[in-house]
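> sequence and predicted model, in that order:
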Number of protein chains: 2
Amino acid sequence: MPKSFIPIAFPQQTPPPEGAVILAADIGGTKADLAFFEIKNSEPVLVKEQRYPSKEWNSFVEMAQDFNKNTTRPQRICVSFAGPVRDGKAHGTNLHWEIDSREISEKLNIRPVFLINDLEANCYGLAALKTDDLLMICPGKNHEAGNAAVISPGTGLGEGGLFWDGQAYRPFATEGGHSHFAARNELDWELFLFLEKKYGHVSWERVVSGPGICMIFSFFRDVKGWEAPGILKTEMKAHDPAAAIAIAATEGCPVCQETLRLFMKYLAEEAANLALKLKATGGIYLGGGILPKIWNETHQAIFNEYFFAVGRLDPLVEAAPVYLILNQKTALWGAGYYGAFGGV
Amino acid sequence: MPKSFIPIAFPQQTPPPEGAVILAADIGGTKADLAFFEIKNSEPVLVKEQRYPSKEWNSFVEMAQDFNKNTTRPQRICVSFAGPVRDGKAHGTNLHWEIDSREISEKLNIRPVFLINDLEANCYGLAALKTDDLLMICPGKNHEAGNAAVISPGTGLGEGGLFWDGQAYRPFATEGGHSHFAARNELDWELFLFLEKKYGHVSWERVVSGPGICMIFSFFRDVKGWEAPGILKTEMKAHDPAAAIAIAATEGCPVCQETLRLFMKYLAEEAANLALKLKATGGIYLGGGILPKIWNETHQAIFNEYFFAVGRLDPLVEAAPVYLILNQKTALWGAGYYGAFGGV
């Protein structure tokens, strides 16, 4: 088990020999990060990394060959992938790809090749975090050892579980972001009806994600008739539209502020659902690329207002410390660590 | 680990010596079952049991003294309790009691005394089940080993988790029944508004439980203006009102049939939420006292209709086999088994 600030249980106690190189990848719906981790003093250390736009590549093998050219061949591979993994295979929920660990192993002639779910990777990546990779959002009252969870809005809404076995956390993938969205007031209900018309099934992922931010924005603009500044339309076309909305919100745009208020409310409500479903008194970790970029005092106040509003079970939710993961490469680190300590 | 049809991991591998007696109890919001389990051939065997009305007793100690009179003193005690357990203490969510394992140990002069959550007990109790204690509701497609879960409507809505460690299930308590209720159509939303006025926070427990059946019935009668037969009012006052509604439904009462249709829909939707949140491909177990009494082909069809309606993640929910637990003493057996194999 690696020496970690947050104790995570891995299948293997010891890493490969000193100097061994692991090719780790974190493949999301939008971007893919590839990296080499080298074993130094029995811990994986990041030595090289590169980002690829996922949708512009047809397979992980091509990406790996590109990343790998002119370097020594790695001894192991671990890929974190945004989609349910089964028998070493997965297809992306928000990506057109399929991925197969055996095929990768054959084509690149490297083994073992581990394929893990991106939220599992996020959970394993907690092993790599230092105290300054985390921002404490709520300290938690009357600490009680127990399960923990990661909730991670990005292209989709990832949720991961950490089972507390008495000594360490054992990560597991979940698909909790696809559970039913729960409207709690008339505005939520109007939004639900708007999303239902568009998608059929309305899950939490439809509102607590980058595309979710855009949908909430569309709802306010197109259904509720809020005015959006002309410049925003240009910005949303030129850049990541969710990021453009977040920037406009900080600049005082009312419809963007209201959009982010709802996004934070839904994040908090779904984080509370997850805390209750897993009895995650050990901690709730907010992950993904969006939150560290937009977090501020206003958003923190909204989060606190809705996270604790779960009726009679308030004390359980209050017991859980809540952390914002500032390290946006946590899943990549998780893939590196799993590459080192994963089951062979 | 006991020899079980469903492999459950217990803290201890071996039980106390042959002939040792365990006092086990399952204390719910309405009733309490007490039993002696004797170790025979290294397994706990039920040798005596008695039911007590929880609300008419002031403490477990008084109940245990009553149950225990004129018999040999047991070597161990394990109590399953309907409420969050912490540091060997708990207070009931739907009961006025407090309970403290150290106090029980001192007053009865017996140790160890284990106190576990009722859903943990339900999960541990799976170790005691035989194949004919389970009714298969859905076989599950393309079986994938993984976590499992118990969802158990009774006085409240209990939910328990079973973490799959590769060899066996490790039970854990959850408070998932208190997560936010998700309306999915106009009728659900009207019901939500009715319940919100009454309770403030509307959790799944407010609809998927015995009292939930009564509230859905009140909603149809008082808000939607459905007629209820006069005899039903008398029956509901004289007996368990949820049971009276269920009986009237089988006798063709339209408002009662519609009440149970909604109850089954909500059970199915929340079971799907739980399956997704835990990625419970190993199985979903429907527990508690209500379901075995009311289960029929109509209800099964309603369950199937809504359990699988989770949008893009249908395959995950379809993978999970679903079982109805017919043995209504599963939590009591779980307390007996935990008494035998629990951590000292």
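That came in fine, so what should we check first?

> measure A:C214 to B:I284 for me?
According to CB to CB, to the nearest Å, A:C214 and B:I284 sit 34 Å apart. Every C-beta, even on glycine, is put in place using the N, C-alpha and C of the backbone.

> distance between the ends of stretch A:237-244?
Using CA to CA, to the nearest Å, one end of stretch A:237-244 lies 9 Å from the other.

> cool, and stretch A:276-293?
End-to-end span of stretch A:276-293 (CA to CA): 27 Å.

> what parts of the stretch 151-300 of chain A come near chain B?
Residues of the stretch 151-300 of chain A lying close to chain B by CB under 8 Å from any CB of the partner chain are A:159, A:161, A:163, A:165, A:170, A:172-176, A:178-184, A:189, A:192, A:199-203, A:269, A:272-274, A:276-279.

> now with 7 Å, please.
Within the stretch 151-300 of chain A, the residues that sit near chain B (CB under 7 Å from any CB of the partner chain) are A:161, A:163, A:165, A:170, A:172-176, A:178-184, A:189, A:200-201, A:203, A:269, A:273-274, A:276-279.

> where does the residue most central in space within chain A sit, in terms of helix or strand?
Against the mean C-alpha coordinate of chain A, by CA atoms, centre = their mean, the closest residue is A:S152 at 3.4 Å. Using DSSP states H and E, A:S152 sits within strand A:148-153.

> same for that strand, what does it pack against?
Applying 3 or more CB pairs under 7 Å, 6 or more residues apart in numbering or on different chains; DSSP states H and E, one finds that strand A:148-153 contacts helix A:118-125, strand A:157-164, helix A:254-278, strand A:283-286.

> phi and psi next, for A:K89.
Phi and psi for A:K89, reported as degrees, to the nearest 10, are phi -130, psi 150.

> from chain B, how far off is it?
The spacing between A:K89 and chain B, counted by CB to the nearest CB, to the nearest Å, is 12 Å.

> neighbours of the nearest residue to that residue once chain neighbours are set aside, how many?
Distances taken as CB to CB, 6 or more residues apart in numbering or on different chains put A:D100 closest to A:K89, at 4.8 Å, once the chain neighbours are dropped. Residues lying near A:D100 (other CB atoms under 10 Å in any protein chain shown) number 19.

> could you do the one 10 residues further on as well?
Residues lying near A:I110 (other CB under 10 Å) number 17.

> check contacts around the closest residue to it other than its chain neighbours.
Of all residues not flanking A:I110 in the chain, A:I77 sits nearest, at 5.5 Å (CB to CB, 6+ apart). A:I77 is in contact with A:23, A:104, A:110, A:113, A:339, counting by CB atoms under 7 Å, 6 or more residues apart in numbering or on different chains.

> doesn't A:S80 fall inside a strand?
Yes - counting by DSSP: H, G, I helix; E, B strand; the rest coil, A:S80 is part of a strand.

> gap between it and chain B?
16 Å.

> so who does that residue touch?
Contact analysis of A:S80 by CB under 7 Å, 6+ apart lists A:25-27, A:116, A:118, A:121, A:331, A:334-335.

> low-confidence ranges, chain A, go.
Low-confidence segments of chain A (pLDDT under 70): A:1-3, A:312-313, A:344.

> go again using 50 as the cut-off
Filtered on pLDDT under 50, chain A yields no residues whatsoever.

> now the residue nearest to A:P53 when sequence neighbours are not counted, what are its backbone angles?
The spatial neighbour of A:P53 that comes closest, neighbours along the chain excluded (CB to CB, 6+ apart), is A:K31 at 6.1 Å. Here is the backbone geometry of A:K31 (degrees, to the nearest 10): phi -130, psi 160.

> how many residues are close by A:K31?
15.

> how close does it sit to chain B?
Distance from A:K31 to chain B, by CB to the nearest CB: 21 Å.

> follow-up on the earlier one: now which of the residues of the stretch 151-300 of chain A next to chain B would you call buried?
Neighbour-count burial within those applies to A:161, A:163, A:165, A:170, A:172-176, A:178-184, A:189, A:201, A:203, A:269, A:273-274, A:276-279; the criterion is 16 or more other CB atoms under 10 Å in any protein chain shown.

> quick one, strands of the stretch 101-250 of chain A?
Per DSSP state E, counting those that start in this stretch, the stretch 101-250 of chain A carries strands over the ranges A:113-117, A:134-138, A:148-153, A:157-164, A:169-173.

> so for B:A82, which of these sits nearest?
Nearest to B:A82 among these is strand A:157-164; the distance by CB to CB comes to 22.2 Å.

> what pairs with A:A32 across the strands?
A:I27, A:Y52 (DSSP bridges).

> report the contact partners of it.
A:A32 sits next to A:25-26, A:52, A:54, A:63 when contact means CB under 7 Å, 6+ apart.

> please apply the same query to A:L232.
A:244, A:248, A:253.

> for A:T71, give its distance to A:Q50.
11 Å.

> buried set for stretch A:8-19?
A:8-10, A:15-16.

> end to end, how far does that stretch reach?
Rule used - CA to CA; the end-to-end distance of stretch A:8-19 is 23 Å.

> close to chain B, is that stretch?
No - contact of stretch A:8-19 with chain B (CB under 7 Å from any CB) is absent, the minimum separation being 8.7 Å.

> just give the closest residue to the closest residue to chain B within the stretch 101-250 of chain A, not the sequence neighbours.
Going by CB to the nearest CB, chain B is nearest to A:H201 of the stretch 101-250 of chain A, at 3.0 Å. Closest residue to A:H201 apart from its sequence neighbours, by CB to CB, 6+ apart: B:G311 at 3.0 Å.

> ok, A:L267 touching A:V208?
Yes - counting by CB atoms under 7 Å, A:L267 does reach A:V208; the two are 5.2 Å apart.

> follow-up on the earlier one: distance of the residue nearest to A:K89 relative to A:H91?
From A:D100 over to A:H91 (counting by CB to CB), the distance is 10 Å.

> and if you look at A:E56?
To A:H91, A:E56 is 18 Å away according to CB to CB.

> between those two, which one's more packed in?
Shown here are A:E56 and A:H91; by other CB under 10 Å, A:H91 has more neighbours (15 against 8).

> who does that one bridge with?
A:E98.

> surely it meets A:E98?
Yes - applying CB under 7 Å, one finds A:H91 in contact with A:E98, separated by 4.7 Å.

> on that earlier part again, tell me the most buried of the helices and strands packed on strand A:148-153?
helix A:118-125 (a mean of 32; mean count of other CB atoms under 10 Å in any protein chain shown).

> report the angle between that helix and strand A:148-153.
130 degrees (axes from the mean of the first three to the mean of the last three CA atoms, to 10 degrees).

> who are the packing partners of helix A:118-125?
Judged by 3+ CB pairs under 7 Å, 6+ apart, the packing partners of helix A:118-125 are strand A:76-81, strand A:148-153, strand A:157-164, strand A:169-173, helix A:330-341.

> using CSV, lay out those together with distance to B:Y323.
Below are those laid out as CSV (distance: least, CB to CB, whole Å):
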stretch, distance to B:Y323
strand A:76-81, 31
strand A:148-153, 26
strand A:157-164, 22
strand A:169-173, 21
helix A:330-341, 33
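
> among those, which is nearest A:N304?
Closest to A:N304 of these is strand A:148-153 (CB to CB; 15.4 Å).

> domains in chain A, by residue range?
Segmentation of chain A into domains, based on automatic domain parsing, reads A:21-128+A:329-341, A:176-325.

> of the ones you listed, which approaches B:E235 most closely?
Per CB to CB, nearest to B:E235 of these: domain A:176-325, 29.7 Å.

> that closest one: how far from the chain's middle?
Between the mean C-alpha location of domain A:176-325 and the chain-wide mean there is a distance of 14 Å, by CA atoms, centre = their mean, to the nearest Å.

> ends of it, what's the gap?
19 Å.
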